[in-house]
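A.B. asks: Here is the input, now give the coordinates:
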Amino acid sequence: MFRRESGFILVVCAKSARLIGLLDHIACVGFFFVLSNVISRDRIYRVA
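C.D. replies: Numbering: from 1, shown residues only. From the prediction side, this is the model:
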């Protein structure tokens, strides 16, 4: 029973690590997207 539980925990850890990696990637992309939007908006305000 303990062996099966530890195996289950390992699987959950692996999946959550993959999910965290995916979320980290999404966060990076989102951060750069927001940053580029802010920069372009800043340029538009300066031009206007």
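A.B. asks: what's the offset of stretch 31-43 from the middle of its chain?
C.D. replies: Taking CA atoms, centre = their mean, to the nearest Å, one finds stretch 31-43 lying 18 Å from the centre of the chain it belongs to.
A.B. asks: How about stretch 10-21?
C.D. replies: On CA atoms, centre = their mean, the centre of stretch 10-21 falls 13 Å from the chain's centre.
A.B. asks: go on, stretch 7-19?
C.D. replies: That offset, for stretch 7-19, works out to 17 Å (CA atoms, centre = their mean).
A.B. asks: go on, stretch 34-47?
C.D. replies: Using CA atoms, centre = their mean, the offset of stretch 34-47 from its chain centre is 24 Å.
A.B. asks: Going forward, the N-terminal residue is numbered 28.
C.D. replies: Will do, 28 is the new start, and the previous item becomes stretch 61-74.
A.B. asks: what's the average pLDDT for that stretch?
C.D. replies: The average pLDDT for stretch 61-74 rounds to 75.
A.B. asks: Nice, that's everything, thank you.
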